[in-house]
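> This is a predicted model, with the sequence first.
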Amino acid sequence: MMSGSSDHTNEIAFRLIAAALESGVKGQLRELLLEAERLAKFGAAQQSPSEEDYSSLVLGDSLSDPQRPGLLMRHNTNLGKVWIFSFQHPNTQKNEEIELGRFPDVPLTLARSLWDRLKDLAGERQDIEVSSRDRVDPKSPISINELCSIYIEKYARKVKRSWREDERMLQRHLIPDYGYIQATAFTHVEATELLERIHSSGTHREAEKVRSVVQTMFNVASGRTRKISMLGGTWLPPDTENPVKNVFLPIHKPKNHKPSEAELRNYMRGLGALHCGPVLMVQAYTMSRISEVTKMTWQELDLSTGRWVLPGQRAKNGNEHVVLLPNQAVEILVKQMDTQQRTGIISNFVFSSPRDTARPRSPVSVQQQIATHRLGLGVSPKFTSHSLRHAGLTWAAENGCPREVRDRLTNHVSGGGIDSVYNAATHSSAAREWWQKWADYLQHLLIR
């Protein structure tokens, strides 16, 4: 009976404390009520808060870990949920705080690991020297994660058509390992480490693009831009050195790989097993660039006449390109439309992202599928999606296709304006014929 009575009393106390907190009380009294609430919730055992407890932390509140003195989370408007290590400095005896990063970018397990490392220093009364990845720079109170968010929202979205690609690269390569460190602590050492890792994985072009985005982001953050107003102040101190300024990648000399007929046969036969098979088949049949196909919209297509109008802003040379689709490509696109209608997918994109139908499938993810499955596809380690474009042009030349028609097939018409329009119109009939011949050749490989 005594235990039941105690539980009932605790329940009443918990409700009263909750009601007091809901009244909007602030300051030290609120902190005391929060501590009382934690005692009522976790009991005498003083259990550590769970991931769910941290996830549900209310805006304006804080949550400490009774098992880990000094580790707490604050939820504020500007930064969201932030991990803090609070300690008494062994030399000055002043209470100081170190920001460990934002939740959930810094998960609970990592926050506890950082606390474990820092509390040992404090416990041994050593002068706490936090590594660059944990240090707070008072001149730059924003982390890499926050800098990336500001860059995307205030600059990239407004200035760059390719802002989603910038966002993808930052989220994929920079934020996972460096998101929680302070922006000014990301130096040429970290930049070299990052780019070497990407380059050593065999994706030289990706490393180049990441370097370019990081360079632009730090230049903009320090005020070295005229594309947006920085009258309200720079995001980083103006004298912040760009971390990639003196970090250079090896010169890359791309080599065009000419696939053998056996490789082409293996490749075309193996595409059906890949999630992105339809994308790659359309790319193969049309000799297009992979990014042109992944970002194809329904508005660009007229399947009744077999026309795909690639807008100039999406073409590499800036010239509008009309692709006269071979029958095999039309068949795939009709099936893709039926699939979207049958599964209830509503998207402007023919090949929408599996995670977000409002966005196109990433060309990088498609290229990575090829890289991952080269052995299973039976193709050379040098084989890429661009190999099909090169193979198509080579095959056309070997079979008597005139140079000007080959240029029409791949939008290599030099110049712009009326000349490019005239050349495209002049050779369209022949181009349609050769697109169909190439598609028939690839289909013939499938059944041989």
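Nice, thanks for sending it over.
> Downstream of whichever strand or helix holds residue 293, the next helix or strand is which one?
In this structure, residue 293 is located in helix 290-294 according to DSSP states H and E. Sequence order places strand 301-302 as the next helix or strand after helix 290-294, per DSSP H and E.
> what helices or strands is that next one leaning on?
For strand 301-302, the elements it packs on are strand 307-310, judged by 3 or more CB pairs under 8 Å, 6 or more residues apart in numbering; DSSP states H and E. Using the backbone N, CA and C atoms, a C-beta is placed for each residue, glycine as well.
> before we move on, the earlier item: and the contacts of the helix holding residue 293?
Contact partners of helix 290-294, identified using CB atoms under 8 Å, 6 or more residues apart in numbering, comprise 279-280, 282-283, 286, 310, 314-315, 351, 360-363, 366-367, 385-386.
> Now which of those residues would you call buried?
Buried residues within the contacts of helix 290-294, defined by neighbour count using 16 or more other CB atoms under 10 Å: 279-280, 282-283, 286, 310, 314, 351, 360-363, 366-367, 385.
> ok, back up a step: from the contacts of helix 290-294, which ones fall inside strands?
residue 310 (DSSP state E).
> Give me the number of neighbouring residues for residue 193.
By the measure other CB atoms under 10 Å, the count of residues near residue 193 is 12.
> now swap in the one 10 residues further on and tell me
When counting by other CB under 10 Å, one arrives at 17 neighbours for residue 203.
> Could you do residue 81 as well?
21.
> Contact partners for the closest residue to it other than its chain neighbours?
The spatially closest residue to residue 81, leaving aside those adjacent along the chain, is residue 103, at 4.1 Å (CB to CB, 6 or more residues apart in numbering). Contacts were defined as CB under 8 Å, 6+ apart; by that measure residue 103 touches 54, 55, 73, 80, 81, 82, 83, 111.
> mind checking how far residue 103 is from residue 186?
Using CB to CB, to the nearest Å, residue 103 is found at 20 Å from residue 186.
> Over to residue 169?
Computed as CB to CB, the residue 169 to residue 186 distance reads 15 Å.
> what ranges of the stretch 51-200 of the chain fall below the confidence cut-off?
Low-confidence regions of the stretch 51-200 of the chain, defined here as pLDDT under 70, cover residues 78, 89-92, 120-141.
> mind running it again at 50?
125-140 (pLDDT under 50).
> which SS state does residue 102 fall under?
The three-state assignment at residue 102 reads strand, by DSSP: H, G, I helix; E, B strand; the rest coil.
> Return the set of residues that bridge with it.
The partner list for residue 102 in beta bridges (DSSP bridges) reads residue 82.
> pLDDT value on residue 222, please?
According to the model's per-residue confidence, residue 222 sits at a pLDDT of 91.
> Please read the previous query as pertaining to residue 377.
At residue 377, the pLDDT value in this model is 89.
> Next, count neighbours for it.
Counted with other CB under 10 Å, the neighbours of residue 377 add up to 20.
> can you pull the contacts of it?
Counting by CB under 8 Å, 6+ apart, residue 377 has contacts 266, 267, 270, 271, 370, 383.
> at 7 Å instead, please
Taking CB atoms under 7 Å, 6 or more residues apart in numbering, we find residue 377 in contact with 266, 267, 270.
> same question, residue 384
Neighbours of residue 384 in contact, by CB under 7 Å, 6+ apart: 367, 370.
> Could you do residue 50 as well?
Contacts were defined as CB under 7 Å, 6+ apart; by that measure residue 50 touches no other residue.
> Read off the pLDDT value for it.
Per-residue confidence for residue 50 comes out at a pLDDT of 87.
> Roughly how far does it sit from residue 56?
Relative to residue 56, residue 50 is positioned 10 Å away (CB to CB).
> just residue 200 next, same as before
Distance from residue 200 to residue 56, counting by CB to CB: 41 Å.
> ok so, going back, kindly reformat the contacts of residue 103 as TSV containing distance to residue 304.
Supplementary listing: those in TSV, determined by distance: CB to CB, whole Å:
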residue	distance to residue 304
54	56
55	51
73	58
80	50
81	53
82	56
83	58
111	58
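> Out of those residues, the closest to residue 447 would be?
Closest to residue 447 out of the contacts of residue 103 is residue 55 (55.0 Å), distances taken as CB to CB.
> That closest one: neighbour count?
The burial count assigned to residue 55 is 12, neighbours taken as other CB under 10 Å.
> Next up, the contacts around it.
Contact criterion CB under 7 Å, 6+ apart gives no residues in contact with residue 55.
> could you redo the last one with a cut-off of 10 Å?
Shown in contact with residue 55 (CB atoms under 10 Å, 6 or more residues apart in numbering): 49, 81, 103, 104, 108.
> Surely the second one is in contact with residue 53?
The reference is to residue 81. No - counting by CB atoms under 10 Å, residue 81 stays clear of residue 53, with 11.4 Å between them.
> what is in contact with the two at once?
Common neighbours of residue 81 and residue 53 are listed as 63, 73 (criterion: CB under 10 Å, 6+ apart).
> what's the spacing between the residue nearest to residue 81 and residue 59?
When CB to CB is applied, the distance between residue 103 and residue 59 equals 13 Å.
> intersection of neighbour lists for these two?
Jointly contacting residue 103 and residue 59 under the rule CB under 10 Å, 6+ apart are 75, 80, 81.
> With distance to residue 303 added, can I get these in TSV?
Output for the shared contacts of residue 103 and residue 59, formatted as TSV (distance: CB to CB, whole Å):
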residue	distance to residue 303
75	51
80	46
81	49
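> Which segments of the protein make up each domain?
Structural domains annotated on the chain: 1-45, 261-447, as defined by automatic domain parsing.
> Which stretch among those is buried most, on average?
Neighbour counts averaged per stretch over the domains of the chain are highest for domain 261-447, at a mean of 17; criterion: mean count of other CB atoms under 10 Å.
> now it, how far from the chain's geometric center?
Between the centre of domain 261-447 and the centre of its host chain there is 24 Å, according to CA atoms, centre = their mean, to the nearest Å.
> what about that domain, start to end distance?
13 Å (CA to CA, to the nearest Å).
> Pop out the phi and psi values for residue 243.
The phi and psi values for residue 243, taken as degrees, to the nearest 10, are phi -60, psi -20.
> Make residue 1 into 14 and carry on from there
Happy to do that; since the first residue is 14 now, the last one works out to residue 256.
> Next, work out how far apart it and residue 406 are.
Applying CB to CB, one obtains 40 Å for the distance of residue 256 from residue 406.
> what does residue 100 give?
Residue 100 sits 65 Å away from residue 406, taking CB to CB as the criterion.
> do the same with residue 380
From residue 380 over to residue 406 the distance is 19 Å, taken as CB to CB.
> Could you do residue 335 as well?
Computed with CB to CB, the distance linking residue 335 and residue 406 is 18 Å.
> One more: residue 376?
Here the distance between residue 376 and residue 406 works out to 20 Å (CB to CB).
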